[in-house]
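Colleague: From the sequence below, what's the structure:
(one chain, ligands or ions: 1)
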Amino acid sequence: MQFLRYPEIVGPALSGRRTGENFRSLRRPTIQTMPKTIDHPPDLPIVAAASDDFLAIAALDRDSWTDSPDDPFVADGEHVWKIWCEQALVFVAKGDGGTVVGAALAFPVLDGSFCLHKIMIAPDHRGRGLGSRLMNAILDALDGLKKACFLTVDPKNSAAIRLYQKRGFVIARTLRDYYGAAKDRHIMTRDPGSAGALPPR
Ligand SMILES: CC(C)(COP(=O)(O)OP(=O)(O)OC[C@H]1O[C@@H](n2cnc3c(N)ncnc32)[C@H](O)[C@@H]1OP(=O)(O)O)[C@@H](O)C(=O)NCCC(=O)NCCS
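Modeller: Residues are numbered from 1 along each chain as shown. This is a model prediction of the structure:
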């Protein structure tokens, strides 16, 4: 069975059976080359997510979409967050007592690039730079891997689009009715190392 579609992401293949534990140990060498804590004192730490963070991240995912609380397309569930915490790039912002107050995720796709699928900050922690720092952490990791990435975003989400454009994402195209009638999405792409050019407000 072919588990390691992207061996350059997870490190050299192990011989023998590829258990979940083996996967975690495969991924560690790459992850540990990244800074565990982003240097931005005295603010909250940004760290690579642990496997056990999946429940807290899924809960945050349900609470973060204040502009579309009833949208069935938005929140991802515990099962896939568990996998992502172990197999993808997931960074979290941790508040008092280790509470997860922000998370960002990028996972690899078939062409070898990454999908930057989610970035979300708990509503009462927004506007304090956490989203920027989480985005910087995940893009530093992707730059370290020399990986291009893409994301999709609601064209009305100007705060998020600004965050992305400032870091090198460009709008590649807009897909009309992507999630259904009037649910359009911008596709934004970024090459590794792109610093970004921000258009005027
Ligand atoms: C988008 C989001 C992640 C930003 O996180 P944040 O911690 O509030 O962002 P920051 O404080 O780092 O600010 C990032 C930039 O957005 C701007 N911004 C923040 N909130 C904004 C708002 N409500 N309206 C307009 N701009 C806003 C900031 O001014 C800043 O721009 P600057 O760097 O030019 O100064 C957060 O608002 C969020 O979780 N939203 C809900 C989930 C979501 O929409 N995710 C993105 C789609 S996947």
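Colleague: For this protein, what lies in contact range of the ligand?
Modeller: By C-beta under 6 Å from any ligand atom, the residues of the chain that approach the ligand are 64-65, 118-121, 126-132, 153, 157-160, 162-163, 166. (Each C-beta comes from the backbone N, C-alpha and C, glycine too.)
Colleague: Derive a PyMOL selection command for the buried subset of these.
Modeller: Restricted to buried positions by 16 or more other C-beta atoms under 10 Å, the PyMOL selection for the residues of the chain next to the ligand reads:
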select buried, resi 64+118+119+120+121+126+130+131+153+160+163
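Colleague: Next, check the residues of the chain next to the ligand against the helices and list the overlap.
Modeller: Among the residues of the chain next to the ligand, the subset assigned to helices under DSSP state H consists of 130-132, 158-160, 162-163.
Colleague: Tell me the residue of the protein that sits nearest the ligand?
Modeller: Of all residues in the chain, residue 131 sits closest to the ligand, at 2.2 Å by C-beta to the nearest ligand atom.
Colleague: does that residue really touch residue 166, like I thought?
Modeller: No. Using C-beta atoms under 8 Å, residue 131 is not in contact with residue 166; the gap is 11.0 Å.
Colleague: How about the contacts made by the residue of the chain closest to the ligand?
Modeller: When contacts are counted by C-beta atoms under 8 Å, 6 or more residues apart in numbering, residue 131 touches 102, 119, 121, 163.
Colleague: Could you export these to a markdown table, including columns for distance to residue 82 and pLDDT?
Modeller: Formatted as a markdown table, the entries for these read as follows, by distance: C-beta to C-beta, whole Å; pLDDT from 0 to 100:
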| residue | distance to residue 82 | pLDDT |
| --- | --- | --- |
| 102 | 19 | 98 |
| 119 | 19 | 97 |
| 121 | 21 | 96 |
| 163 | 27 | 94 |
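Colleague: can you redo the residues you listed as TSV with distance to residue 86?
Modeller: Rendered in TSV, the data for the contacts of residue 131 read as follows (distance: C-beta to C-beta, whole Å):
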residue	distance to residue 86
102	19
119	19
121	23
163	26
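Colleague: I am finished for the moment; much appreciated.
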